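Peer 1: Return atomic coordinates for the entry below.
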Amino acid sequence: MIDILPTRKLSRLTAYFQSYSNNDQVKYLVTDMNAAYFQLT
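Peer 2: Now for the predicted structure:
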């Protein structure tokens, strides 16, 4: 699955990724250098 998210705010990113039940199957997370992604991962 490929998804482009509408925002990079940490609270929205956290809610988005927590909504998935199969997080253990994620192999790659491709991001830009936004600090929110580093906090999230």
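Peer 1: need the longest helix for this protein.
Peer 2: helix 10-18 (DSSP state H).
Peer 1: Sticking with Ala36, tell me its helix or strand.
Peer 2: Ala36 belongs to helix 35-40 when assigned by DSSP states H and E.
Peer 1: helices or strands up against that helix?
Peer 2: Secondary-structure packing of helix 35-40 (3 or more Cβ pairs under 8 Å, 6 or more residues apart in numbering; DSSP states H and E): helix 10-18. Where you see a C-beta, it was placed from the backbone N, CA and C, and this is true even at glycine.
Peer 1: which residues touch the helix it packs on?
Peer 2: Around helix 10-18, the neighbours that count as contacts under Cβ atoms under 8 Å, 6 or more residues apart in numbering are Leu5, Thr7, Asn23, Ala36, Tyr37, Gln39, Leu40.
Peer 1: Skip the chain neighbours and tell me the closest residue to Asn23.
Peer 2: Excluding the flanking residues, the one nearest Asn23 by Cβ to Cβ, 6 or more residues apart in numbering is Phe17, at 7.0 Å.
Peer 1: Do you know the pLDDT at the one you found?
Peer 2: Note for Phe17: predicted pLDDT of 84.
Peer 1: Ser11 now?
Peer 2: So, for Ser11, pLDDT stands at 93.
Peer 1: Equivalent analysis for Tyr28, please.
Peer 2: 83.
Peer 1: cool, Met1 as well?
Peer 2: On the pLDDT scale, Met1 gets 66.
Peer 1: cool, the one 4 residues further on as well?
Peer 2: Confidence per residue is given as pLDDT, and for Leu5 that number is 85.
Peer 1: who's in contact with it?
Peer 2: Leu5 makes contact with Arg12, Leu13, Tyr16, according to Cβ under 8 Å, 6+ apart.
Peer 1: Now list the buried members of these.
Peer 2: Buried subset of those (neighbour count, 16 or more other Cβ atoms under 10 Å): Leu13.
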